[in-house]
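1. just need the structure, nothing else, for what follows:
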Amino acid sequence: MYTPSGRIAEIVESTWDGINDYNVSSTSEYTYDSSDSLLTVILKNNITGSFREKLEMSYDSTQNASTALVFTWDENLGDWFLALRLYGVFDDQSRLEKYELDINFFGSAESSRYEYKYIGNSSCPHYIDAFYFEDAEWVFTARIHFYPSIMTSVYEAAIPQWNAYPNPANEGIWIEAPIGSQVQVSTIQGFTIYNGIIKSEKEYFRLHQTSTQMILTIKNNSFISSRLITVCK
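-> Take a look at the predicted model:
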């Protein structure tokens, strides 16, 4: 469902009852600010009548930053529980410069930070420095390299447009990419989780791993491009 201005107002998810009808299993309600920026998303379980998850977005134009808060509904307390905080800072070319991730699932809290380094006007990071928070300070843990990160020839083919959403992701992600491209999913430590081929312009990939971050890479004979995906389990 859309509002008269073209914004998404509600998404309804239905499941087949196995006989002859669909039953509404969940709804997602959306709100926006005056600039058409997403403010909230609320997921409700229509079978039990209870809430499931809530996303709250805020934007700081002076710092060129945005914050996403993900809440889960606590049935015992009858209130929202903050499970994830994502804070991102962007450079003057609208490229992600740094983001911090705070996760608190099942009483286990952890914080991580990722700093992006670009060369020239490249839209692909040259590398990402990863940190985790321990004993009141950020501790360097890994450097993630991306190849290629710069143009090596004026004849080099341009990277076609592709997209992956939602990000952060929960059960799975939609990928829109050129048909025939190879898709690879790996952890930030470099372990490959999945390899496959894009068979249609829009495909859904279900996430079965428990990593909180993963690297999604799309490549073929003329280009390679990677993005960092946050997983909310």
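2. for the chain, name the helix or strand with the lowest mean pLDDT.
-> Least confident helix or strand, the chain: strand 224-230 with a mean of 77, by mean pLDDT, DSSP states H and E.
3. for that one, packing partners?
-> Of the remaining helices and strands, those touching strand 224-230 by 3 or more C-beta pairs under 8 Å, 6 or more residues apart in numbering; DSSP states H and E are strand 213-219. (Glycine included, C-beta is placed from N, CA and C.)
4. so what are the sheet partners of the strand it packs on and their directions?
-> Sheet pairing here is set by DSSP bridges, and for strand 213-219 it gives strand 182-187 (antiparallel), strand 224-230 (antiparallel).
5. tell me what residue 176 is bridged to.
-> What pairs with residue 176, by the bridge criterion (DSSP bridges), is residue 163, residue 202.
6. wait, what's in contact with it?
-> 162, 163, 164, 201, 202 (C-beta atoms under 8 Å, 6 or more residues apart in numbering).
7. ok, back up a step: would you turn the strands paired with strand 213-219 into a markdown table with mean neighbour count and distance to residue 214?
-> Putting the strands paired with strand 213-219 into a markdown table (neighbours: other C-beta atoms under 10 Å; distance: least, C-beta to C-beta, whole Å) gives the following:
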| stretch | mean neighbour count | distance to residue 214 |
| --- | --- | --- |
| strand 182-187 | 17 | 6 |
| strand 224-230 | 19 | 5 |
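8. just read off the phi/psi values of the spatially most central residue of the chain.
-> Central residue of the chain (C-alpha atoms, centre = their mean): residue 167, 1.5 Å from the mean position. Main-chain dihedrals, residue 167, degrees, to the nearest 10: phi -140, psi 100.
9. excluding residues flanking it in the chain, which one is nearest it?
-> Of all residues not flanking residue 167 in the chain, residue 229 sits nearest, at 5.4 Å (C-beta to C-beta, 6 or more residues apart in numbering).
10. please tell me how far that neighbour sits from residue 101.
-> 12 Å (C-beta to C-beta, to the nearest Å).
11. which neighbours do the two have in common?
-> Residues touching both residue 229 and residue 101 by C-beta under 8 Å, 6+ apart: residue 213.
12. and the residue nearest to the centre of the chain, what is it in contact with?
-> By C-beta under 8 Å, 6+ apart, the contact set of residue 167 is 173, 227, 229, 230.
13. which among those gets closest to residue 16?
-> residue 173 (23.0 Å; C-beta to C-beta).
14. the closest one contacts residue 227, doesn't it?
-> No. The pair residue 173 / residue 227 is not scored as a contact, 10.2 Å apart, by C-beta atoms under 8 Å.
15. quick check: neighbours shared by those two?
-> With C-beta under 8 Å, 6+ apart as the test, residue 173 and residue 227 both reach 164, 167, 216.
16. out of those, which is nearest to residue 134?
-> Using C-beta to C-beta, residue 167 is the member of the shared contacts of residue 173 and residue 227 that lies nearest residue 134, at 26.2 Å.
17. any idea how far the closest one is from residue 101?
-> 12 Å.
18. closest one to residue 97 out of the contacts of residue 167, please.
-> residue 227 (14.9 Å).
19. measure that closest one to residue 165 for me?
-> Distance from residue 227 to residue 165, by C-beta to C-beta: 10 Å.
20. equivalent analysis for residue 52, please.
-> Residue 52 is 19 Å from residue 165, by C-beta to C-beta.
21. looking at the two, which is more packed in?
-> Between residue 52 and residue 165, residue 52 has the larger neighbour count (other C-beta atoms under 10 Å), namely 17 against 10.
22. can you tell me the SS state at the more buried one?
-> strand (DSSP: H, G, I helix; E, B strand; the rest coil).
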